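Undergrad: sharing a model that was predicted from the sequence below.
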Amino acid sequence: QVQLQESGPGLVKPSQTLSLTCTVSGGSITTDYYYWSWIRQPPGKGLEWMGAIVYSGSTYYSPSLKSRTSISRDTSKNRFTLQLTSVTPEDTAVYYCARAVTITNEYDYWGQGTQVIVSS
């Protein structure tokens, strides 16, 4: 059973950098044919895919967030990290990490989500 757990600050000030970590257990983030995404849901809105890191280490980002987003990984600790720079109150959301199968793009495991509020 794969488990994902998000961690990071719940409150970030505007213009700062948000950093969240997703720690994975029960499966390796380097296992072939999976990619690991960050997805967020602002209050009252739908899910927004932010970006992903593939089992190979390649990264992909949403065009709308690409200039502010970076995803990296630490294979020794089996975790991956999201950094979002220059945050504004519009970045307030519940942030999820999730695993998907590359061939089908179907998500099979999700973290529970972590609430991030951007406010001074």
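TA: Thanks, I have the structure now.
Undergrad: ok, the most centrally placed residue in the chain - contacts?
TA: Most central in the chain under C-alpha atoms, centre = their mean is W38, positioned 2.4 Å from the mean C-alpha point. When contacts are counted by C-beta atoms under 8 Å, 6 or more residues apart in numbering, W38 touches 20, 22, 49-52, 69, 71, 82, 95-97. (C-beta placed from N, C-alpha, C; glycine too.)
Undergrad: could you report the pLDDT at it?
TA: As predicted, W38 sits at a pLDDT of 98.
Undergrad: hey, where'd the strands end up in this structure?
TA: 3-7, 11-12, 18-25, 34-41, 48-54, 59-61, 69-74, 79-84, 93-101, 107-110, 114-118 (DSSP state E).
Undergrad: let me see the mean pLDDT of the fifth one.
TA: Right, the one you point to is strand 48-54. Rounded mean pLDDT across strand 48-54 is 97.
Undergrad: cool, and the third one?
TA: pLDDT averaged over strand 18-25 equals 98, rounded to a whole number.
Undergrad: now the angle from that strand to strand 69-74?
TA: Angle, strand 18-25 to strand 69-74, by axes from the mean of the first three to the mean of the last three C-alpha atoms, to 10 degrees: 40 degrees.
Undergrad: could you do the longest one as well?
TA: Interaxial angle, strand 93-101 versus strand 69-74 (the same axes, to 10 degrees): 60 degrees.
Undergrad: helices or strands next to strand 93-101 in the packing?
TA: strand 3-7, strand 18-25, strand 34-41, strand 79-84, strand 107-110, strand 114-118 (3 or more C-beta pairs under 8 Å, 6 or more residues apart in numbering; DSSP states H and E).
Undergrad: cool, and the first one?
TA: Helices and strands touching strand 3-7, by 3+ C-beta pairs under 8 Å, 6+ apart, are strand 18-25, strand 93-101, strand 107-110.
Undergrad: nothing else from me, thank you.
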